[in-house]
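S.K.: Here is the input, now give the coordinates:
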Amino acid sequence: MVCNCCIKVITWLFKNYDIKINKIELGLADITYNESYISKLKIADLLHENGFELLEDREKIIIEQIKLAVIELVYHLNNVDSIIRKSEYLVEKLNMSYQQISKIFSKSENITLEKFIILHKIERTKQMLESDEFTVSEIAYMMDYSSVQHLSTQFKAITSITLSDYKKSPEIYRKSITELY
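M.R.: Sure thing, here's the model as predicted:
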């Protein structure tokens, strides 16, 4: 679960199957259910049919926590305190060394953590460009780029188009979070 809409879908789904939600938040649902009425396998199937996954493996749970931390950092914090570096945020959030986090992530996802963060920063940049709420300089700062040029260069390298070309036809180039890699 990566957004509040996901929480709503899971809540609705569980309610329809008389699954009691003890606690629900991004990436976590603590539930109680009647095993004579519905099995864990059926719950896993329901989740899968709706684009979710039941995670029980420790490493998969850590991967999900990493993804949620990156999404929180890139989409919600917007570099309000530019002193906090992305690696420091992840280390603090997950209580693991950056090397451990990066190694676990890369092993499981076939993409480096750094590339994953960059893809999300570019996608968030697209959202902010569309909103016309911020200047490119403000976006570069909020996405933790050293300059507009650095943002422009990375944007072009990832999307194959310039920032100005993107602004002309944004709907063509947007991707959902689950389609980034």
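S.K.: Heading C-terminal from the one helix or strand Arg124 maps to, find the next helix or strand.
M.R.: Using DSSP states H and E, Arg124 sits within helix 113-131. Following helix 113-131 in sequence order, the next helix or strand is helix 136-142 (DSSP H and E).
S.K.: Let me see the mean pLDDT of that next one.
M.R.: Helix 136-142 shows a mean pLDDT of 92.
S.K.: same deal with stretch 63-81?
M.R.: 80.
S.K.: Buried residues, that stretch. List them.
M.R.: For stretch 63-81, the neighbour count (16 or more other CB atoms under 10 Å) marks 63-71, 73-75, 78-79 as buried. C-beta here means a position set from N, CA and C on the backbone, and glycine is covered the same way.
S.K.: Give me the contacts around whichever strand or helix holds Lys67.
M.R.: In the assignment (DSSP H and E), Lys67 maps to helix 58-71. Identification of contacts with helix 58-71 by CB atoms under 8 Å, 6 or more residues apart in numbering yields 2, 26-27, 53, 55, 86, 89-90, 93-94, 96, 101, 104-105, 108-109, 113, 116-117, 120, 177.
S.K.: Name the residue most distant from the centre of the chain?
M.R.: Relative to the mean C-alpha coordinate of the chain, counting by CA atoms, centre = their mean, the farthest residue is Ser36 (35.3 Å).
S.K.: Does it belong to a helix, a strand or coil?
M.R.: Using DSSP: H, G, I helix; E, B strand; the rest coil, the structure places Ser36 in coil.
S.K.: next one: phi and psi at it?
M.R.: phi -80, psi -20 (degrees, to the nearest 10).
S.K.: any idea how far it lies from Lys42?
M.R.: 12 Å (CB to CB, to the nearest Å).
S.K.: before we move on, back to that, in JSON lines, list the buried residues of stretch 63-81 along with distance to Lys126.
M.R.: Shown next, in JSON lines, are the buried residues of stretch 63-81 (distance: CB to CB, whole Å):
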{"residue": "Ile63", "distance to Lys126": "24"}
{"residue": "Glu64", "distance to Lys126": "24"}
{"residue": "Gln65", "distance to Lys126": "25"}
{"residue": "Ile66", "distance to Lys126": "22"}
{"residue": "Lys67", "distance to Lys126": "19"}
{"residue": "Leu68", "distance to Lys126": "20"}
{"residue": "Ala69", "distance to Lys126": "21"}
{"residue": "Val70", "distance to Lys126": "16"}
{"residue": "Ile71", "distance to Lys126": "15"}
{"residue": "Leu73", "distance to Lys126": "17"}
{"residue": "Val74", "distance to Lys126": "12"}
{"residue": "Tyr75", "distance to Lys126": "12"}
{"residue": "Asn78", "distance to Lys126": "14"}
{"residue": "Asn79", "distance to Lys126": "16"}
